[in-house]
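A.B. asks: Output the structure for:
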Amino acid sequence: MIPGKNWILLLTAILVIPLLMSACDSVSDHIALGDTYANQGKLDNAITEYTRAIELTPKQAAPYYKRGTIYNKKGKYDLAIADLTKAIDRSPSAEMYNERAIAHGSIGQIKLALADLDEAIKLNPKLATAFSNRGAAYINIGEYDLAISDLSAAIGLDPYNANAYSNRGWAYFKVEYFESAINDFNSAIYLNPKLAIAYCNRGWVHYTKQKFDLALADFKKTLELTNDPTLKQAAEQGIEYIESKQRPNQ
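C.D. replies: You can find the predicted model right below:
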């Protein structure tokens, strides 16, 4: 055995192992792994990886933004707002403002949501989701004409946005443009046949126009598609109203 040779091999191994550990513990690795977990629906694992990335480089915006989006998905809106605010403070983007607006809107802070969406649209006037979300926020405060304008802009930018069609349909319904509302709900359902809210809201348009058979079918379809308690209550109420009426074909 040649003296010193094993020592050289051992020294090489000692040098390589920390390099491998460093490579596996880089910020980009944790972010990439977090993205993989997020795409797989493993949200808690994603949060863990983004947190590790933040611990390594607390001045970087991306892991705060990504963790904030996961907190939004989990309904932890206060945590989402905190993370997204940190991301914006570090490197603002339209997507960050849009995401924070979702959190604000989800806890009823509509004015703050609108302010964030205004900023998002200033930064990126072609961000369809920002127009769509601002349109939804305007619906929430009864500004239906503004909602229709924003949702039309969203559809122009992304004609496959089923939610934008559904929300614009509701805005049209509230200003009594019933045919336009039906057309939008039809488009939403064509794009996303499992969009329960589109069936429910179309059901209320049919009910208003006294097309009770069509309304009943839409309300029943809503109940097939959703476990959301608010939607279920709206659909069940519609069915109850229809069944209580004396219709000519009964």
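
A.B. asks: Can you give me the distance of Trp170 to Arg100?
C.D. replies: Using CB to CB, to the nearest Å, Trp170 is found at 24 Å from Arg100. Bear in mind the C-beta positions are built from the backbone N, C-alpha and C, glycine included.

A.B. asks: so which strand or helix has Ile139?
C.D. replies: helix 128-140 (DSSP states H and E).

A.B. asks: Same question for Asn186.
C.D. replies: Judged by DSSP H and E, Asn186 forms part of helix 178-191.

A.B. asks: In this protein, where is pLDDT below threshold?
C.D. replies: 1-25, 246-250 (pLDDT under 70).

A.B. asks: List the contacts of the helix or strand that contains Ala32.
C.D. replies: For Ala32, the host element (DSSP H and E) is helix 27-39. For helix 27-39, contacts defined as CB atoms under 8 Å, 6 or more residues apart in numbering pick out 23, 43, 45-50, 52-53, 56-57, 60, 62-63, 66-67, 69-70.

A.B. asks: same question, stretch 116-129
C.D. replies: 92-95, 97-98, 100-101, 104, 130-131, 133-134, 137, 153-154, 157-158, 161, 164.

A.B. asks: which among these end up buried?
C.D. replies: By neighbour count, with 16 or more other CB atoms under 10 Å, those hold 93-95, 97-98, 100-101, 104, 130-131, 133-134, 137, 153-154, 157-158, 161, 164 as buried.

A.B. asks: Now do the domain split for this structure, please.
C.D. replies: For the chain, the structural domains run 30-125, 128-193, 195-250, going by automatic domain parsing.

A.B. asks: who's in contact with the residue nearest to Ile107 when sequence neighbours are not counted?
C.D. replies: Computed as CB to CB, 6 or more residues apart in numbering, the closest residue to Ile107 that is not its neighbour in sequence is Tyr77, at 4.9 Å. Going by CB under 8 Å, 6+ apart, Tyr77 touches Tyr71, Ala103, His104, Ser106, Ile107.

A.B. asks: Can you turn the buried part of these into a ChimeraX selection?
C.D. replies: Buried residues within the contacts of Tyr77, by 16+ other CB under 10 Å, are selected in ChimeraX with:
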select :71,103,104
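
A.B. asks: tally of neighbours for Gln210?
C.D. replies: 10 (other CB atoms under 10 Å).
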